[in-house]
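Asker: Provided below are the primary sequence and the corresponding predicted coordinates.
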Amino acid sequence: MAKKKLQGQVAIITGAGRGIGAAAAERLAAGGARLVLNARTEEEVEAVAARLRQQGALALAVPGDISDPDVVEEVVETALDQFNRVDILINNAAIIWPIEEVAETDPDEWTYNIMVNLVAPFMLTRNVLPLMLEQGYGRILSISSGAAQRPIVGASAYCAAKAGLDMFTRVLALEVAGTGVTVNSLHPGVVDTAMQEDIRSVDTAGTRLDTSYFHELYERGALRPPSETAQLIYWLVGPWSRDRNGEIFSADDDAWVQQVCHDIE
């Protein structure tokens with residue numbers, strides 16, 4: 001019981017049907033958190049919630065497209081109806097498409113990427129923030145990307161959204177300073193997820209796109225497992241991060257990762 005640092009807390013996790021989101025759900029459940037899980041694919045998120053319930057956790061699935069304001073409201077209302085509070089929000093849901101040069105990109109696909117990767121985190125945050133401020137406690141964590149700082153040919157929407165997400169984190173952190181609510185972002189590095197499969201599937205022939213870096217990492221077995229990212233997330237939403245606000249954390253920061261391992265062990 002002493003290791004359950006999130007005992008009694010309620011966490012919302014988006015993109016929780018697989019990959020980083022599912023791994024984070026499992027780690028937070030082991031830490032004692034009660035969970036409200038969202039993902040677009042109903043079968044996947046229901047399966048994650050069911051597996052966690054079999055392990056003794058309290059986990060609810062709310063399937064739906066998080067770019068839809070009605071789904072955002074349903075997710076938050078489910079947490080309040082069932083648990084009467086929200087302590088942790090993990091904005092994890094993300095999409096990589098479209099991967100095309102701007103001149104060839106469909107405007108609707110580009111806009112949808114911004115909606116999922118940037119607008120949805122804003123909408124969720126806007127919904128839970130008054131609750132957290134009233135409680136005098138909250139942890140808001142957005143899973144961002146190194147693409148926020150490094151331009152990638154063909155990924156204009158993804159790069160722009162993640163850059164916006166990091167700046168949103170910094171601005172909101174200033175607004176909530178001293179309230180007991182903290183806001184941070186995490187760059188998890190290149191993780192072995194379905195998104196990486198999507199990147200490797202792109203036909204780059206006849207374009208300026210270059211996905212060779214991602215293929216090389218995969219072939220060398222250098223992709224990070226989602227469970228490693230889940231440990232970093234656990235630290236960032238747990239008591240260890242109480243004095244950290246408005247920061248962009250990176251899985252490539254070896255000193256910090258070692259601190260996480262030391263603290264959690």
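Answerer: Looks like it arrived, so ask away.
Asker: pull out the buried positions in the top helix by length along the chain.
Answerer: Longest helix in the chain, counting residues (DSSP state H): helix 156-176. By 16 or more other C-beta atoms under 10 Å, the buried positions in helix 156-176 come out as 156-166, 168-169, 172-173, 176. Bear in mind the C-beta positions are built from the backbone N, C-alpha and C, glycine included.
Asker: now that helix: mean pLDDT?
Answerer: For helix 156-176, the mean pLDDT works out to 98.
Asker: stretch 214-232 now?
Answerer: Mean pLDDT, stretch 214-232: 97.
Asker: before we move on, what about stretch 22-38?
Answerer: 98.
Asker: list the contacts for the residue nearest the centre of the chain?
Answerer: Nearest to the mean C-alpha position of the chain, by C-alpha atoms, centre = their mean, lies N92 at 1.9 Å. Contact analysis of N92 by C-beta atoms under 8 Å, 6 or more residues apart in numbering lists I13, T14, G15, A16, I20, G21, A24, I143.
Asker: from these, which is closest to I199?
Answerer: I199 lies nearest to I20 out of the contacts of N92, by C-beta to C-beta, at 15.1 Å.
Asker: buried residues, whatever helix or strand that closest one lives in. List them.
Answerer: Using DSSP states H and E, I20 maps to helix 19-30. Residues of helix 19-30 classed as buried: G19, I20, G21, A22, A23, A24, A25, E26, R27, L28, A29, A30 (neighbour count, 16+ other C-beta under 10 Å).
Asker: using PDB, write out every CA atom in stretch 228-240.
Answerer: Output in PDB follows, covering the C-alpha atoms of stretch 228-240 (Å, rounded to 0.1, in the frame of the first residue of the first chain):
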ATOM      1  CA  GLU A 228       9.200   3.100 -19.900                       C
ATOM      2  CA  THR A 229       7.200   6.200 -20.900                       C
ATOM      3  CA  ALA A 230       4.500   5.100 -18.400                       C
ATOM      4  CA  GLN A 231       7.100   5.300 -15.600                       C
ATOM      5  CA  LEU A 232       8.000   8.800 -16.600                       C
ATOM      6  CA  ILE A 233       4.300   9.700 -16.700                       C
ATOM      7  CA  TYR A 234       3.800   8.200 -13.200                       C
ATOM      8  CA  TRP A 235       6.500  10.400 -11.800                       C
ATOM      9  CA  LEU A 236       5.200  13.500 -13.500                       C
ATOM     10  CA  VAL A 237       1.600  13.100 -12.100                       C
ATOM     11  CA  GLY A 238       2.800  11.800  -8.700                       C
ATOM     12  CA  PRO A 239       4.100  13.500  -5.600                       C
ATOM     13  CA  TRP A 240       7.600  13.700  -6.900                       C
END
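Asker: sweet, I'm off.
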